[in-house]
Structures are given as C-alpha cells and as structure tokens.
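Student: Just the structure for this:
(2 chains)
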Amino acid sequence: MATETTAIEQELEHRHDETSNDEWSGAKEPFRASYGKLMMWYFLLSDAFTFAGFLIAYGALRFSMPTWPVPDFVFSTAPLNNLGLGEEAKLPLIFVTFMSFLLIVSSVTMVRAVQEGRRENKNGVVFWMVLTIVGGLGFLSCQAWEWTKLIAGEGVSVTTNPFSTFEQNGRYLSGEELEKAGFKKIEHEDHGAVATYYLPNNAPDLEENRYFVKKDHGGHVLAGETFEAGQSYLVTKSHDTHLYEVGAFQKEDGTIGKESFGPKAFGALFFFITGFHGFHVLSGVMFLIIIMLNAASGLYVERRNGYEMIEKIGLYWHFVD
Amino acid sequence: MAHTSSHELSPAEYQKAKKDAYLGFWILLGVTVFEVAVSLLGKGWIPGTEGLAKLSWVVIAAGAIIAVLSIYKARYIILEFMHLGHEVQGLRFSVLLPTVLLIWAIIAFFQEGDAWRKRRELIKDKNEIRLDADGNIIAPAAELKG
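Tutor: Below is the predicted model:
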C-alpha cells in the first residue's frame, strides 16, 4: 500500500510539473502577450464580427435596391457656411475627409502615448492622451453636426428617406399649371404655419393625395426646372409645417406625378451603423479619460507593469478609428 | 518584465519608434488625400475632368485603387500602430485568419443582395405578361430575361 501511495504521489507531482510548464496552464502567458492584451485582441475580433454584420446588412440591402442615395451628396456641405463658399456650394466628401483626418491624428497621438508609457514617462503619457481625447471629442462633434443636419434639416428618420432618384425625365410644375390640370388648391394650417398644396379631382385631403410646388430648403421655387431619369433629388421637408412637400412634376408622356421617397432601409441602416460606431468612440473617450487620470495620479507607476493599460486602451482606440 | 512586446524602450529604440509614428502619420495622410482625389475623379466632380468619369474603365480603376489603398491603410494600422506585426505568429494568425473569413462573407452577401434585386425585377416583368385564350403571350412582346 505504502509504495502504491508514493507512486500516485509521484505521478501527481510529475503531472504538476508538466502542467506548470504548459503554456495554457495560467502560470505563463500564451503567445508571449499579457492576458489583458490578448483578451483585448479577441474582444476586438468579436467586435469586428458585429461591425461586419451591420456592413453585410447594409450592403445586401443596398445591392437589392434599384436606386440608393448617393452618399457623397448626403454629406456635401461643411460647417461655417461651407468654409466661406456660401450655402449653395456643393463640396462632396469634404466633411468626411476632415473627419478621417481627425481620426488619423488621434491615432498617431495614441501611438505616441503608448511609446511614452513604455519609456515610463508619466507627463508624456498624459500629454499625448489629452491630445487623443481632444481628437475623439472632435470626431464626435462632427458626427453630432451631421446627424443634426440630416434629422432636423433634411428630414431623414429611421423610417423615412427623402433622398431618391427620378425614374423618368420630367419637369416640375407650378401652382397655375396644376390648377389648369384640374387640381384644387388647398391652404391648410399646420403647426401654426400655412401649407399650400394641390389635390387631384377633388380627392380627399389625405397625405398621399397632396401635391406640392417644388421648393428647396432655402425656399427657392424650382417649378419649371427639368430633370432626367437617374438624377437624384431630395424631397423637401418644410421647417415650418414639418410636412414632407413632395414636388409635383409632369413626365415626358404628359402624365402628372409626384416625388417618391427613397429606399426605406437607408435611414435605419445609416443611423444604426454610424450610431454604433459613434457609441464605440464615446466609450473610448470615456475610458481614455479614466486611464489618463489614473496615469496622471501615478497609479501605473505603483503597479509597475509598464503602463500596460495604455497599450490596451491604445489597441481599442486604433480599432475604433 | 519578460514580455518581448512591452519591455522598456532604450533611448535609441525610443527615437526610432517616435520617428516611425510620425512617418505613419504622413503615410496615412498622404494615402487618404490620394484616395479622396481618385474618388472625386472617378465620379467626375473635379471641374474639367467630367468626361473621364463617363468611361467605365476609369470608374472601375478608381474603385480598385480605393479598395487596395483602404486595405493598405488597415494593414498599416493593424501591423504597425497596433503592433500585431511584432507579436508572435500564433497570436497574429488567431486574429487575422477569422478576419479573412469575414471578407468572404461580405463579398458573398453583397452578391446575394444583387440576386434579390434581379429576382424582384424578373417577377415584375413576369407580372406584366398577359396571355390569350390559347396560352400565347400577347403583352408585352415576348421579351423575357432569364
């Protein structure tokens, strides 16, 4: 018996030695990266799958539609009255370019913060992290400005997409032309403002029967202007009445039609994808602030792990960028 | 610390790392500016070059250049800024291989979306078909896709 027990003990002892040499036993860190960093990598991998899920939904729906809003013209204006060029100037992509510039800058400042951390230079870490936070806040402000413009200005919502494309050639009609064609003029008070629209053949005053004279957001009447099939347009949402003023037009074959809305899925996809990303940036900024304050208080000097926390938030920040 | 990836930097290493970070900034900035220029050209929004955007090869080339440059930028950030290029091979592959599968998923589902559109158009076309009493197609003039 006694010898058997010893044999088992020896075996256990032996196994213990084996496991403690095993890379995955916990005594040693696998892949020669700290557990924190390793898990941050796998979290980012799982997050990449979530983002890819959104991207796949967007792409599959987009390709399933015959038309789609031209994204470059959804964002064709910049703050400060279009950088001084006036409200009318169209600057496709300019704002998006500025936003990616901000992200590049804040990525580089983050790299610098990590480098200063590896040199155990507390002031350097705090300085570069503050710059990174400023970059992140700048990005969030740009996004807030875009959203405000899209929601309050252009009237995009989760279920309504005023960006659309003409299917036929045609010409916008004026009020007189509509009345001549047998439409009845209605002046309707809505939200304390008067909306003027036209109803065909004394049809009941329902939203789907209303035809408006085309105006842009600046109030310029566009009646008489011609357009071609494939050209994109924006259904005007009135700031006073909060109604979508669908413009009436005459098609080439002489029939009268009105603007239709664009693919419905656009608003939901746009707001969910940019919102999900923006929320990542927002949480990133909050973590950056917490870690910057910890670094400033000297916590990471006490922990003596070489400012590893900075490296971990750095990984997250680059991913979000 | 025993970590190969996070030992303390020597002054020489630090100077080199610092230089690399600023080099990275100029690379990323340059690539982004070039991408925007190609994109604007491909869509005919640079005054004087509108004609070019009507050529299909220009549009396709612009798209291809932008795709390649975007992948280059992502690669640069992951390998250099996120330091994955300096980690051990096992970690590198365990992160990158699943991501490669994602790229296929994206291509496959974009194709699928295109198939939905074609199917919808086919149904619309077939709905417009009218038959006479003998079952011959009378309208529209029998021109069916697929």
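
Student: burial measure for the residue of chain B found nearest chain A, as a count.
Tutor: With CB to the nearest CB as the measure, residue B:113 is the residue of chain B nearest to chain A, at 3.4 Å. Every C-beta, even on glycine, is put in place using the N, C-alpha and C of the backbone. Using other CB atoms under 10 Å in any protein chain shown, the number of residues around residue B:113 comes to 18.

Student: That one contacts residue A:55, correct?
Tutor: No. Taking contacts as CB atoms under 8 Å, residue B:113 lies outside contact range of residue A:55: 11.8 Å.

Student: before we move on, back to that, ok, the residue of chain B closest to chain A - contacts?
Tutor: A:59-64 (CB atoms under 8 Å, 6 or more residues apart in numbering or on different chains).

Student: Now do the strand or helix carrying it, average pLDDT.
Tutor: Here residue B:113 is covered by helix B:89-127, with elements defined by DSSP states H and E. The average pLDDT for helix B:89-127 rounds to 89.

Student: Helix or strand next in line after it, which one?
Tutor: The helix or strand immediately downstream of helix B:89-127 is strand B:130-131, counting by DSSP H and E.

Student: how about the nearest residue to the residue sitting nearest the centre point of chain A, chain neighbours excluded?
Tutor: Nearest to the mean C-alpha position of chain A, counting by CA atoms, centre = their mean, stands residue A:274 at 1.9 Å. With sequence-adjacent residues excluded and distances taken as CB to CB, 6 or more residues apart in numbering or on different chains, residue A:274 is closest to residue A:143, at 6.7 Å.

Student: how near is the one you found to residue A:230?
Tutor: 30 Å (CB to CB, to the nearest Å).

Student: From the contacts of residue B:113, pick the one nearest residue A:121.
Tutor: residue A:59 (44.5 Å; CB to CB).

Student: how much space between the closest one and residue B:122?
Tutor: In terms of CB to CB, residue A:59 sits 21 Å off from residue B:122.

Student: which one of the two has more residues nearby?
Tutor: Per other CB under 10 Å, whichever of residue A:59 and residue B:122 has more neighbours is residue A:59, with 19 against 13.

Student: Report how many residues lie close to the residue nearest to the more buried one when sequence neighbours are not counted.
Tutor: Leaving aside its chain neighbours, residue A:59 sits nearest to residue B:110 (4.5 Å; criterion: CB to CB, 6+ apart). By other CB under 10 Å, 18 other residues sit near residue B:110.

Student: Contact partners for residue B:110?
Tutor: A:56, A:59-60, A:63.

Student: do the same with residue B:37
Tutor: Counting by CB under 8 Å, 6+ apart, residue B:37 has contacts residue B:46.

Student: so which helix or strand takes in it?
Tutor: helix B:11-42.
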